[in-house]
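Colleague: Structure for the following, please:
(chains A, B and C)
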Amino acid sequence: MTKSNAGNFFEDFIPGKTLIHPTPQTVTEGDLALYRALTGNRFAQYSSAEFAKTIGLPGLCADPLHAFHIVFGKTVADISLNAVANLGYADGRILRTVVPGDTLRAESQVIGVKENSNGKTGVVWVRTKGINQRSEEVMSYVRWVMVNKRDAASPAPEPVVPDLPPAVAAADLTGYPEMKAWPFAQSGSRHVYEDYETGEKISHVDGMTIQEAEHQIATRLYQNTAKVHFDFHGQKESRFGKRLIYGGVVISIARSLAFNGLANAGQILAINAGSHVSPLFAWDTIYAWSEVLDKAELSDTCGALRLRLVAVKDQNPGDFAYKNADGTWAPGVLLDFDYWAAIPRAR
Amino acid sequence: MTKSNAGNFFEDFIPGKTLIHPTPQTVTEGDLALYRALTGNRFAQYSSAEFAKTIGLPGLCADPLHAFHIVFGKTVADISLNAVANLGYADGRILRTVVPGDTLRAESQVIGVKENSNGKTGVVWVRTKGINQRSEEVMSYVRWVMVNKRDAASPAPEPVVPDLPPAVAAADLTGYPEMKAWPFAQSGSRHVYEDYETGEKISHVDGMTIQEAEHQIATRLYQNTAKVHFDFHGQKESRFGKRLIYGGVVISIARSLAFNGLANAGQILAINAGSHVSPLFAWDTIYAWSEVLDKAELSDTCGALRLRLVAVKDQNPGDFAYKNADGTWAPGVLLDFDYWAAIPRAR
Amino acid sequence: MTKSNAGNFFEDFIPGKTLIHPTPQTVTEGDLALYRALTGNRFAQYSSAEFAKTIGLPGLCADPLHAFHIVFGKTVADISLNAVANLGYADGRILRTVVPGDTLRAESQVIGVKENSNGKTGVVWVRTKGINQRSEEVMSYVRWVMVNKRDAASPAPEPVVPDLPPAVAAADLTGYPEMKAWPFAQSGSRHVYEDYETGEKISHVDGMTIQEAEHQIATRLYQNTAKVHFDFHGQKESRFGKRLIYGGVVISIARSLAFNGLANAGQILAINAGSHVSPLFAWDTIYAWSEVLDKAELSDTCGALRLRLVAVKDQNPGDFAYKNADGTWAPGVLLDFDYWAAIPRAR
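Modeller: Numbering: from 1, shown residues only, chains lettered A, B, ... in the order given. Below you'll find the model as predicted:
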C-alpha cells in the first residue's frame, strides 16, 4: 500500500463531492510580519493596529489576499497536484476578517466537470470555502483547473458547467468598514472614492524583482506544496526548465505595488475574476497598473472601486500593456485580476 | 586582551567540564511562522492550534526539531567553532514541549575525548541539555565532533569514550500524546500505527531546492553562527569553495517532505542517531525516503515508529539510495537520521 | 490627476515644514523574529525575554536599530525618493523602548536647505521623530540627503545649515539600564566597561555574505520602498547596473557581527553619526571592526562606550581598514557608524 499522496485525477472529481483539505493552519502575528516582508504590503489598515481600530477592526488582521493564499494552499494537494493549468477564479467572497489566532481550514465542492476533446484532460470547477475555528465561513471562491485523466480510456462524464457571474454584485459586498474617521494623513493618499472615475488607468510606477528564496518562503508560508514551485532538479526536464513562481505571489506583489496610486483602497471586498496569463520566474521584475472598472456607494462613508489589476514584467507599467487588437494577451502580461476594494468617500 | 571568541580547541575539553552556552533565546510565534516558511512543515499538530489541542497540547508549539536547532545553535561557538567534522548524534531525548514565550538556554558537559593518531585533532563527546526559563530540561542529546588541537605538541589526554545506546529504548519514550480524538480528515492521512510494517520503505516523492538566502535565514533564526554557513568570501579558499549548509536545514526539510507518506507521524519523541553523510550546497534539491526500523505500542491510542529518514540530493527518492555493498555511502546521500515518532493507533 | 507619488524635490523642502509620513506600523513578535533571522542579532537582552527582565525591560523588545529602520523606512517616500545621495546621520537620540504591540509612525521637520553650486541639486536636512501610539517620542535623529531639483531654473533658497553636534553628549544619554544583575554566563562575554580602553580596536572576525532575497525581505520588513533596492529591471540602466542594498542592512549586520567582541554592549543609547561610504551589493561579504572612541560612567552599574563601527567588504576586519593618509576612504569601507552603547560596569 503506497502511503504517498498521488493527488486526484480528472476521474476523481465527481460533481457534488466535497473534499476536506488538510492541514488546518493557525495564523499568527508571525505570519503577518512575514507576509509584509515578502510582499511589501503597506496598506495602513494591515500595517497598523491603531489604524485598523479606526475602521472597526480589532487590531492587526490578515490581508484578505493573505488569507486567500492560505486557503488556496490547502487545496493544492487535492485539486491541482495533477493540474495542467490553473485556468481562473470567480465569485470570490470575502466574508470575515481573519485575526491572529484564527485557524483556517479549507473545503472544496466539485461544481463542474468537462472532459476536453483530446480525451486526456478535463476541466474541473470547484467552490472552495475557507472556514475558521468557529466553523464560520471566512471566504468562498470558485476556481477551475485543467487536470490530467488517470486513464485516457475512461469514459467522459456528463459535462456540468457552472454558471458563474462576471463579478460579485455590489449589492452582495459585505464586511466593508465604517470609514468616517479614516486618518488620511497616515494612509499615504488624499484620494477618495469620488476622485476615481470609471475607465481611469493608474500606473503604479514601482517595480519589484523576485528571487527564488522569496517565492519559496512565501509559498511555504501558505503551505502550498505544488512541486513546480520548489523542485529545481525535477523542473530541469520541464517545459520551462526551471521553477515556476506561485501565481499568488504575483497577485500579492502587484497589489502591494498598487499602494502607489490606490493607498486608500487597501481592503479587498471581493475577487471577481483572475487569470494567470503567463508564468513568472525568479529574476523577473513585476510592475503593475490598475483600471477602474466600476464604482459603487456602499454607505455614507465607504465606497467600492471595482479594479482591474494588471501585472506586467520587465516593462513600464505606464504603457498599460493588456491585450492585443486580436484579443490575445500583450507580451509580458502576467496577471489579470478583477476585484472590489473599499475606499473612503469624500466627507 | 583580545575580546573576540576564538572558540575552544581539543585541549579545552576536559571530561566532566560543563559549558554554559550564550545566549538564551525566547521562542515566539514569529519563530514558528518562520520555521514553517523555511522548511515547509505541514504536520497538523504544529500547524494548527486547534488540532494541537486535540492531543493535549496548549496550542501552537515548536516542532521538537525546531527546538533542537535552537539548542544546537547555542552550542556552536563553544563546541564546534574549530571543528573539522560534525560526526554524529545519539541518545536524543525530547522531554518537554516548547511553547511560544519559552526561553531556551543550553549547557553541555564533556563526556568523552579521544585524540586522533595524527596528533592534530581529536574527537570530543558532549551531552547537551536544552533548558527552559523554569530550569526544566526540554531535551538532552549527545553529539560528537572532531576538533582541532590548539597545539599539536600538547600531550594526548587519557581517552574517555562514552557508551552510547544505538537507540532510545521504547520504554524510555516520554511526552507522547493522547491520540484518541485525532482528526484524520484534517491530518492529511488515514494511515495509522498498524498500517506500517517494520522494514517498509516509503518514498516521500517531492523535492525541495534550497537557496543561499533560505539556509542563512534559517541558521540565523537558531542563532547558529558557524562561519562556514555565512562567509562566502572566507569560504572561497576552502575545500568546497563555497558556503556549506547547516545540517539541521537538511534534517528539517527532509522531515517536512516526509509529511507525504507519514502525515500522522509528525511528533518526534526521540532522536536515536544522526549522521551528516555529505555536504549540501545552495541549488541542490533535497529528496527524502524513510524506512520503518521498529515499532512500539506506547498506549491504547498512541504508537511509536522508529524511522530512518534518509535525505538524498538530485535523485529520485523512490530509488532508496543508502549504502553500497561495501558499506560505504551511496552517491548523493546527505543524511541518515534515526528517530522515534508518535502515531495514532487504529481505533 | 495623477495618483502615484512622484516624491518631493528640493524645492518642496521649506525650512520649518513638517512632513507626516505614512504608514504607521505595528511591531510584533513576528517582526522581532524576522529581524533576528535576517541580521543574526544575538545580543542577549534582545534575544531572551528573561534576560531582558534582568535589566528592567518588560520582555522581548525591538533592538533600537530595528526601530530606527522602521522609522527611517517611513520617511523614504517623502524624503529620499528623488535623492541622489544619503549623506549622513547625526544627533540620534534613543528615547523609549519599543515593545511588541507598539505602533510607530514618523514625522520629519525640514531644518536646513542648501542648493549646490551646480544648480541642479541641493542638500536637505531633516529632523525625524519616531512616535508611538501614545504620542510619545521613541527616537529622534537628523539626516541629510542630496535631492534633485524639480526645475534647475527655480531660484536657490536662502541657505539654512543646522548646527549639529559631533556626538550626543554623555550627559544627555537616557534610557540606560540597571545592570547590577547582568547574567554574564548567558551574555557571551565577561568583558565589562572597565576592560575597554579609548583607542582600542576590536576585530569582529566573522563575515556574513548577503543575498538579494535577504536584503529585499529586510527592507520590506521596514516598509522602505526605495526602488533602487527592489527593481532589478529598472537598475540595469543605472550607474551600477544592479540593485543597491539599503544601508540599514549594513548597519544591522555589522552590529550583529560586533557581538563577537562587544557581547555586553548590545544596547544602543544614541547614534552620533553615520556615513554610508560605499555601496553594498548582493554576494558581497560584510566584516566589521570597532574602535572605542570614548567612555562615560552613567551609573554605578552601567557605563557607556562610544564606538566607531566600521563595516568593510571582502577583507580581513583585523586589518582595520578606514581612511587613507590623504583622508579619503580606504578601499572596501562600507560604513562609518558612531554610537553610544550601554555596558555593565565591574562589580
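Colleague: Using the three-state scheme, assign the residue in chain A that chain C sits nearest to.
Modeller: In chain A, the residue that lies nearest chain C is A:A33 (2.9 Å; CB to the nearest CB). C-beta: built from backbone N, CA, C; applies to glycine. For A:A33, the assignment made with DSSP: H, G, I helix; E, B strand; the rest coil gives helix.
Colleague: do A:P162 as well
Modeller: Strictly by three-state DSSP, A:P162 counts as coil.
Colleague: Can you give me the neighbour number for the residue nearest to A:T28 when sequence neighbours are not counted?
Modeller: Once flanking residues are discounted, A:T28 sits nearest to B:E29: 3.8 Å by CB to CB, 6 or more residues apart in numbering or on different chains. Close neighbours of B:E29, defined as other CB atoms under 10 Å in any protein chain shown, add up to 27.
Colleague: what does A:A265 give?
Modeller: Neighbours of A:A265 (other CB under 10 Å): 29.
Colleague: Next up, the contacts around it.
Modeller: A:A258, A:L305, A:L307, A:A341, A:A342, A:I343 (CB atoms under 8 Å, 6 or more residues apart in numbering or on different chains).
Colleague: give me that answer again for 7 Å
Modeller: A:L305, A:A341, A:A342, A:I343 (CB atoms under 7 Å, 6 or more residues apart in numbering or on different chains).
Colleague: Helices of the stretch 51-200 of chain A, residue ranges please.
Modeller: In the stretch 51-200 of chain A, the helices defined using DSSP state H, counting those that start in this stretch lie at A:64-79, A:184-187.
Colleague: Can I get the shortest one as CSV, trimmed to CA atoms?
Modeller: C-alpha atoms of helix A:184-187 as CSV (Å, rounded to 0.1, in the frame of the first residue of the first chain):
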residue,chain,number,x,y,z
PHE,A,184,-5.8,60.5,5.7
ALA,A,185,-2.5,61.9,6.9
GLN,A,186,-1.4,58.4,7.8
SER,A,187,-2.8,56.4,4.9
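Colleague: Give me the buried stretch members for that helix, please.
Modeller: Buried residues in helix A:184-187, counted by 16 or more other CB atoms under 10 Å in any protein chain shown: A:F184, A:Q186, A:S187.
Colleague: which other residues reach it?
Modeller: A:A44, A:F51, A:R190, A:A263, A:N264, C:I20, C:P22, C:T23, C:P24, C:R105.
Colleague: Just those residues: which are in helices?
Modeller: A:A44, A:F51 (DSSP state H).
Colleague: for the contacts of helix A:184-187, which one is nearest chain B?
Modeller: Looking across the contacts of helix A:184-187 and measuring by CB to the nearest CB, the closest to chain B is C:P24, at 19.6 Å.
Colleague: could the contacts of helix A:184-187 be laid out in TSV, adding distance to chain B?
Modeller: Formatted as TSV, these follow (distance: CB to the nearest CB, whole Å):
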residue	distance to chain B
A:A44	22
A:F51	21
A:R190	34
A:A263	26
A:N264	29
C:I20	29
C:P22	24
C:T23	21
C:P24	20
C:R105	22
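Colleague: which one of the contacts of helix A:184-187 is nearest C:R239?
Modeller: Set against C:R239, the nearest of these by CB to CB is C:P22 (29.3 Å).
Colleague: Among the contacts of helix A:184-187, which one sits closest to A:L173?
Modeller: Nearest to A:L173 among the contacts of helix A:184-187, with distances taken as CB to CB, is A:N264, at 16.6 Å.
Colleague: Confirm for me that that closest one is in contact with A:Y193.
Modeller: No. With contact defined as CB atoms under 7 Å, A:N264 and A:Y193 do not form a contacting pair (8.5 Å).
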